[in-house]
Every structure is written in C-alpha cells, then in structure tokens.
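[1] Pasting a predicted model and its sequence here:
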Amino acid sequence: MRKKTFLFIVVAGVLGLLSYLGYNIISKAKEKNQIAKQLEIIPELDLLTLAQKTFTKANLRPNTNTIFIYFNSECDFCQHEAQSISDNVDSFKNVQFIFVSTEPIEIIKRFAEQYKLNNQQNITFLYDSLSTFSSRFDANSIPYILIYNKNQKLIKKHKGQLNAKGILRALQ
C-alpha cells in the first residue's frame, strides 16, 4: 500500500511539474509573439528630451528612416557605436537617430558632446526616467538597436554593437 501511495505521489508530482513547465513555455512564447507584433510598427513612446520636454511618437520626423539606440555611457560597445556613427554622420543625412538612456540627463549630455552627436539635426537624445523604453521596445540588452523604415515598419532588431556600416546595410 505504501509503494502505491508513494508511486502515486511521484507520478502526480512529475505530471504537475510538467504541466507547470509547459504552461510557462507557452506563456513565454505568447508574450514574445505579442512583443514582436507590437514592434512591427514604432510603438507609442513618452520620454523626455535633454531639455526635459516630452517627446512622443508624434515628434518623430515623418517619412524618415528611424533608428532607436538604447545605450549606457559606460558601455564600451555603446561608445564604439557612437564613435562609428559620429565618424560617418554624413552618410546618415536622411535618417533620424533616437538615442535613449536611463542615465541622468547630465551624463547623457556629456556622452552626446563627447561623440559630437549633440548638435546634429537628425540626432535626438532622450531620457527614460521611468524605464518604459526597455519594456515597451523589448530592450533587454545594451546596446540595443531598432531600425525602422520610412513607413515606421521594423527592418532590423539588433542586440549588441552595430557599427555605421552595419546600420547602412540594414537600411538598403
């Protein structure tokens, strides 16, 4: 009798564990699909400019390729990426860059100045005070790049460093 009870408990435990794991896998897959679908077109955003003014999707230039770069000023890859963009800034005249960070505004300003990206008409630096960008845009690594075409449709999602040549290739 004890063997049957023990066997029943083991089988029930294994089935319960398998059910739980299966449910988690299915839930994660649905969540990933939902996020992927949400990113197909530029999602709504509500961030702050370095002048602490609200910046939303309505502030994006119409009919222009848009590149979002989620970065951190202390990240070596982000620094190399910014230098590469700065070195090739003339190749991006018809592209708008949106750099987003959760760091304090003063640090973001220094980063923009260091790489001479602060006075470019097509480059905007934004402060994500509530860390909403990472959840809304599925940014779970730094650097993280989203490249959208003129119709605001996703062309490329990239985790990690992508130099200017890689960005230009994605735009073609």
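    It's in. Numbers count the residues shown, from 1 in each chain.
[2] Specify the next element, helix or strand, located C-terminal of the lowest-mean-pLDDT helix or strand in the chain.
    The weakest-scoring helix or strand in the chain, judged by mean pLDDT, DSSP states H and E, is helix 2-39 (a mean of 76). Next in sequence after helix 2-39, counting helices and strands by DSSP states H and E, comes strand 46-49.
[3] mind checking how far the following helix or strand past that following strand is from the chain centre?
    Toward the C-terminus, strand 46-49 is succeeded by strand 54-56 as the next helix or strand (DSSP H and E). How far strand 54-56 lies from its chain's middle: 17 Å, per C-alpha atoms, centre = their mean, to the nearest Å.
[4] got a list of contacts for strand 54-56?
    Residues from elsewhere that reach strand 54-56, judged by C-beta atoms under 8 Å, 6 or more residues apart in numbering: 44-49, 124, 126. (Glycine included, C-beta is placed from N, CA and C.)
[5] circling back: list the buried residues for the least confident helix or strand of the chain?
    residue 39 (16 or more other C-beta atoms under 10 Å).
[6] of the contacts of strand 54-56, buried ones?
    45, 47, 124, 126.
[7] State whether the last one is indeed within a strand.
    Just to be clear, that refers to residue 126. Yes: counting by DSSP: H, G, I helix; E, B strand; the rest coil, residue 126 falls inside a strand.
[8] Distance check, it against residue 54.
    10 Å (C-beta to C-beta, to the nearest Å).
[9] now swap in the third one and tell me
    If you measure residue 124 against residue 54 using C-beta to C-beta, the figure is 13 Å.
[10] And for the second one?
    Relative to residue 54, residue 47 is positioned 8 Å away (C-beta to C-beta).
[11] Tell me how this protein divides into domains.
    Following the assignment in automatic domain parsing, the chain carries domains at 1-39, 46-171.
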